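**Student:** sharing a model that was predicted from the sequence below.
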Amino acid sequence: MIKEKKTTQNNSVGIVETQDFTFDSLKLESGERFGPITLAYETYGVLNKDKSNAILVVHALSGDAHAAGVHEGQDNTGWWDGFIGPAKAFDTDKYFVICSNILGGCKGSTGPGSINPKTAKPYGLDFPLITINDIVNAQKRLIDHLGIEKLLSVVGGSMGGQQALSWLVNYPHNLRSVVPIATTIKHSPQQIAFNEVGRQAIMADSHWKSGNYYDGPVPSKGLAVARMIGHITYMSDKSMAEKFGRARKETDEPFKFTADFEVEGYLRYRGDNFVKRFDANSYLYITKAMDNFDASGGRCFEEVLQGIKAKVLVISFKSDWLYPAYQSKEIVKACKLAGVETTYCEIDSTYGHDAFLLEVEEETHLLKHFLKKIFYAYEVTGDYGA
Amino acid sequence: MARKDIQLDHEAILDFVKPQSSVLDLGCGNGDLLYLLIKEKSCRGQGIEINDQEIYKCVAKGLNVFHGDVDSGLAEFNDKSFDYVVLNQSLQQILHVDKVLIDALRVGKKVIVGFPNFAHYKSRLQMFFQGRTPVTGALPYKWYDTPNLHFLSISDFKNYCRLKEINVERSICIGHSKKVRIFPNIFAQTGIFLISK
């Protein structure tokens, strides 16, 4: 009861349920036809009559369909709960918000841990290599299924930003705007390198067994190390210093290399926790998709953007060294040269890459006004654009 | 003619700009001018601004704005990609004025420049009688805390345009509350120039 009161006060969307959408197959970028595919998704708010108020929120590497509210009988709010709800950045009194777990994920959508109908066993490494464009093509099927011809916006940070860019390039006529946050046209060698260390950690775990671990112990050590590396890259030097300093943990373990410092304890805790909710093979497949992504398709990005009528809001964060502001500026530069209407803001944050989940106030201001402009331009002119 | 709700310099710029033009406002601040150009002249507008708090105000007005530095932000635009490039009250705060102006004339078909006149009689009097760096309505900052890097007069700018073979198509000089037609380099606080190459 108390919980419910609290969520109402926080303008929560309240109790939500994850739904499923299954379709027969999808032609992957590799040429292979793969299926059946199930996407787990949640929606918040109400789709208006002319279906012009739908926003697709796309999640990052470890995200899922549960972006806002709480599940019946559970405590944990969605990963972007501060942004989705009445009077929030994505005002559910005005907009219809959709979030789906990506293809290749492990939170209800088809991924390497799903049962292969041909063998009645989990796919493991029989799961095909997927790309960000495949992930987006699958989302497009869901959007079609919901009867939405034109999204008001596609919004996401990090890998979500990659998906937003893929939407912009592949479905420019099916959206009115995109908001790529803390993301890049393509990964730098540094970003690929961090992902590779994560993958190596998983594959070096003896429990990984070339991905065939579903009937036994999972490669939890490897996945936890991968997540620890991830968390280091998501924070800034300053945010770590502020959060942990050199504070020591209270411990009476006799082992010499116990977690002495708070930061060590934190990383171990995050790593161990991640193992409980994430599949190691999904981690391999998804990070590979991120590394292979190139929104320009190997061409000059400004050429790819030529003639696009959708409006773009690019957001970066000053202390984000994993997806540095210069990468966002490259997106902006291409939009500039292609004549795409664009707004760019580098938010003054010390949180590092994590900022896209944490800088609620600044992002809310930008998103709210940007979406309002897009939504009401539509309302006034009734113009569907190109 | 004069509208009370619009700043005199903004009114002068509105007067220069043809309806339905494309405008790039360098150092657009809180976006008031850009907003007016879009509302009153049906322009397509794009701003560049370095201060993040001003960016938030621009976004609240529904403007397209890039967070960045004017000194480096112009190079990425194609030749003649805007009808007008505006540098209103930002010229004196730019590090490489000459470079930015040349680039602005490349990117814009025409350029509008507005700046505080350092040779206004009040500044001259303060300099002459007090021997101190002037602090006036148009130049409100103390010497030790000012965003201004350059101090130029209306005559300086005209001379610069002559030297660089830049055409001054129109100019409006503004005093405390009205346009100044006689001895603008003495009586005008602000000079607004429409130039082209």
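**Tutor:** Looks like it arrived, so ask away. Numbering: from 1, shown residues only, chains lettered A, B, ... in the order given.
**Student:** what's across from A:Val16 in the sheet?
**Tutor:** Per DSSP bridges, the residues bridged to A:Val16 are A:His71.
**Student:** ok, it - contacts?
**Tutor:** A:42, A:44, A:66, A:68-71, A:78 (CB atoms under 8 Å, 6 or more residues apart in numbering or on different chains). Where you see a C-beta, it was placed from the backbone N, CA and C, and this is true even at glycine.
**Student:** what does B:Phe193 give?
**Tutor:** B:112-114, B:157, B:161, B:168, B:170-171.
**Student:** what about whichever residue of chain B sits closest to chain A, which SS state?
**Tutor:** Per CB to the nearest CB, B:Gly62 is where chain B lies closest to chain A, at 4.2 Å. Of the three states, B:Gly62 takes coil according to DSSP: H, G, I helix; E, B strand; the rest coil.
**Student:** pretty sure it sits against A:His369.
**Tutor:** Yes - here B:Gly62 reaches A:His369: they are 6.6 Å apart, a contact under CB atoms under 8 Å.
**Student:** can you confirm A:Ser166 is in a helix?
**Tutor:** Yes - checked against three-state DSSP, A:Ser166 lies within a helix.
**Student:** re earlier: pick out whichever of B:Gly62 and A:His369 has more residues nearby.
**Tutor:** Shown here are B:Gly62 and A:His369; by other CB atoms under 10 Å in any protein chain shown, A:His369 has more neighbours (21 against 17).
**Student:** give the buried residues for the helix or strand harbouring that one.
**Tutor:** Per DSSP states H and E, A:His369 falls inside helix A:360-381. Across helix A:360-381, burial judged by 16 or more other CB atoms under 10 Å in any protein chain shown covers A:362-371, A:373-375, A:377-378.
**Student:** report the distance from stretch A:302-317 to the chain centre.
**Tutor:** 19 Å (CA atoms, centre = their mean, to the nearest Å).
**Student:** next: stretch A:163-182.
**Tutor:** 14 Å.
**Student:** how long is that stretch from one end to the other?
**Tutor:** End-to-end distance for stretch A:163-182: 12 Å, by CA to CA, to the nearest Å.
**Student:** any idea of the mean pLDDT in it?
**Tutor:** Summarised as a single mean, pLDDT over stretch A:163-182 is 98.
**Student:** that one close to chain B?
**Tutor:** No - Stretch A:163-182 lies out of reach of chain B by CB under 8 Å from any CB of the partner chain, never closer than 11.5 Å.
**Student:** quick check: buried residues in that stretch?
**Tutor:** Applying 16+ other CB under 10 Å to stretch A:163-182 flags A:163-169, A:171-172, A:174-182 as buried.
**Student:** pull the number of nearby residues for residue 120.
**Tutor:** Answering for chain A, as no chain was given. Neighbours of A:Ala120 using other CB under 10 Å come to 7.
**Student:** um, chain B though
**Tutor:** Counted by other CB under 10 Å, the residues lying close to B:His120 total 28.
**Student:** who in chain B is up against chain A?
**Tutor:** B:46, B:52, B:55-56, B:58-60, B:62-68, B:76-78, B:81.
**Student:** hmm, which of the contacts of B:Phe193 are the buried ones?
**Tutor:** Going by neighbour count (16+ other CB under 10 Å), the contacts of B:Phe193 have B:112-114, B:157, B:161, B:171 buried.
**Student:** among the residues you listed, which lie within strands?
**Tutor:** B:112-114, B:171 (DSSP state E).
**Student:** so which of these would you say is closest to A:Glu242?
**Tutor:** Distance to A:Glu242, by CB to CB, is smallest for B:Gly114 among these, at 43.1 Å.
**Student:** ok, that closest one touching B:Ala138?
**Tutor:** No - contact criterion CB under 8 Å: B:Gly114 and B:Ala138 do not qualify, at 10.5 Å.
**Student:** nearest residue to B:Lys179 other than its sequence neighbours?
**Tutor:** B:Ile172 (6.1 Å; CB to CB, 6 or more residues apart in numbering or on different chains).
**Student:** does that neighbour touch B:Ala12 like I think?
**Tutor:** Yes - look at B:Ile172 against B:Ala12 with CB under 8 Å: they come within range, at 4.1 Å.
**Student:** for the most far-flung residue of chain B relative to its centre, which residues are in contact?
**Tutor:** In chain B, the residue that sits farthest from the middle, by CA atoms, centre = their mean, is B:Phe129; the gap is 29.5 Å. By CB under 8 Å, 6+ apart, no residues touch B:Phe129.
**Student:** return the distance of it relative to B:Leu37.
**Tutor:** Taking CB to CB, to the nearest Å as the measure, B:Phe129 falls 41 Å from B:Leu37.
**Student:** can you check A:Ile135 too?
**Tutor:** In terms of CB to CB, A:Ile135 sits 41 Å off from B:Leu37.
**Student:** and the helix or strand harbouring A:Lys243, what's buried?
**Tutor:** Using DSSP H and E, A:Lys243 sits within helix A:237-244. Using 16+ other CB under 10 Å as the test for burial, helix A:237-244 gives A:239-240, A:244.
**Student:** near chain B, list only the ones from the buried residues of helix A:360-381.
**Tutor:** Near chain B, by the rule CB under 8 Å from any CB, you find A:362, A:365-366, A:369-370, A:373 out of the buried residues of helix A:360-381.
**Student:** and what about A:Gly160, helix, strand or coil?
**Tutor:** A:Gly160 is classified as helix under three-state DSSP.
**Student:** what's the closest non-adjacent residue to it?
**Tutor:** Closest residue to A:Gly160 apart from its sequence neighbours, by CB to CB, 6+ apart: A:Val58 at 4.1 Å.
**Student:** show me what contacts that neighbour?
**Tutor:** Each residue near A:Val58 by CB under 8 Å, 6+ apart is listed here: A:99, A:102, A:139, A:154-156, A:160, A:163-164, A:167.
**Student:** who does it form a beta bridge with?
**Tutor:** For A:Val58, the beta-bridge partners are A:Gly156 (DSSP bridges).
**Student:** tell me the contacts of the closest residue to chain B within the stretch 1-150 of chain A?
**Tutor:** Relative to chain B, the nearest point of the stretch 1-150 of chain A is A:Ala89 (12.4 Å; CB to the nearest CB). Contacts for A:Ala89 (CB under 8 Å, 6+ apart) come out as A:83, A:360, A:363-364, A:367-368, A:371.
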